[in-house]
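Trainee: sequence plus the predicted model coming up.
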Amino acid sequence: MAPIRVIVHGATGRMGKETLAALGRDKETSPVGGVGRSAMGDALPLPAGAFVPYDTSLERLLSRCQADVVVDFTNAQACIAAARVSAARGLHFVTGTSGLSSTDLDTLRDLSRRHTIGIIVGPSFAIGAIILNHLARIAAPFFEYVDIFEAHHEAKIDAPSGTALALARAMATERAFKRPAPEREPLSGTRGGDLSGVSIHSTRMPGRLAAHEVVFGMAGQTLSLKHDTLTRECFMPGVLMAVKEVVKRRDCVIGLESLLGLK
């Protein structure tokens, strides 16, 4: 069977570079092109010494190379634009872009349905983070209070993280949480963001990659679930799994739980 041909949209970013390298190492996939914001000539070097076509426009790149899947690590606006271009060409689409709104997700579902393509949206591709989400949903019905604490590097463009939002939404489907408000709040926002009674607290600083902790509370006890991301390499098994799965699908999947048999 021929390798799955993949274009990386956001190829010059940290996740894009890691993804290109992982695709090149896997025998079932092949990186065939890269798209980035900066002009860097018409070819992009790979870690193994090879080159793939490069452009600042996905549409132009597709006139130069053939692909089966586009993998996107950019921002919400660029992600949706790339999804529209990919869908119009019949290409399957995988994105790990953070900050997608409910409207954006509806757009991706519509593109999948209208163009009969597979789309997979991964709030996180770290297997441990996916299991954290699953465990949090199991625990949620048994506790009245819950807070999420997430920490990322200083260059992350959004807060809270997509993973934290996905955690909060998943738990909120299980029950209504209590969120106590202080009588006085000398510093506004100290209690964090509020999503359906789930408090979310975000920190951004050098020295951190990604960390998420869910703390449940009830009378006399707490339960903490935590996942730490130490290197971007940990995302690659999830990315590769999504690439291999998306070509088999003709629907839009939000989250990788079902791919792991957790739903």
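Mentor: Noted; the coordinates are in hand. Residues are numbered from 1 along each chain as shown.

Trainee: mind jotting down where the helices sit in the stretch 1-150 of the chain?
Mentor: Along the stretch 1-150 of the chain, counting by DSSP state H, counting those that start in this stretch, helices occupy 14-25, 58-61, 76-88, 102-115, 127-139.

Trainee: can you give me the strands for this protein?
Mentor: Assigned by DSSP state E, the strands in the chain fall at 4-9, 29-35, 43-45, 51-55, 69-72, 92-95, 119-121, 145-152, 193-195, 198-204, 210-218, 221-229, 252-254.

Trainee: in PDB, list the C-alpha atoms belonging to the first one.
Mentor: Output for strand 4-9, consisting of C-alpha atoms alone and laid out as PDB, is shown next (Å, rounded to 0.1, in the frame of the first residue of the first chain):
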ATOM      1  CA  ILE A   4      -0.400   8.400   2.900                       C
ATOM      2  CA  ARG A   5       0.700  11.700   1.300                       C
ATOM      3  CA  VAL A   6       0.500  14.600   3.800                       C
ATOM      4  CA  ILE A   7       0.900  18.400   3.500                       C
ATOM      5  CA  VAL A   8       1.700  20.200   6.800                       C
ATOM      6  CA  HIS A   9      -0.100  23.600   7.100                       C
END
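
Trainee: tell me the pLDDT at the residue lying closest to Arg169 once chain neighbours are set aside?
Mentor: Among residues not flanking Arg169 along the chain, Leu195 sits closest, at 7.0 Å (Cβ to Cβ, 6 or more residues apart in numbering). C-beta coordinates here come from the backbone N, C-alpha and C atoms, glycine included. On pLDDT, Leu195 comes in at 95.

Trainee: Leu195: what's it in contact with?
Mentor: Neighbouring residues of Leu195 by Cβ atoms under 8 Å, 6 or more residues apart in numbering: 165, 168-169, 172.

Trainee: again, only this time at 10 Å
Mentor: Leu195 makes contacts with 148, 160, 164-165, 167-169, 171-172, 177, 179, as judged by Cβ atoms under 10 Å, 6 or more residues apart in numbering.

Trainee: for Arg37, same thing?
Mentor: Here Arg37 is in contact with 10-13, 56, 74-75, 78 (Cβ under 10 Å, 6+ apart).

Trainee: same thing but at 8 Å, please
Mentor: 12, 56.

Trainee: got the phi and psi for it?
Mentor: Dihedral pair for Arg37: phi -80, psi -30, per degrees, to the nearest 10.

Trainee: wait, doesn't Ala151 sit right on Met205?
Mentor: Yes - between Ala151 and Met205 there is a contact at 7.5 Å, judged by Cβ atoms under 8 Å.

Trainee: who has more neighbours, these two?
Mentor: Neighbours per residue (other Cβ atoms under 10 Å) separate Ala151 from Met205, with Ala151 holding more: 20 against 9.
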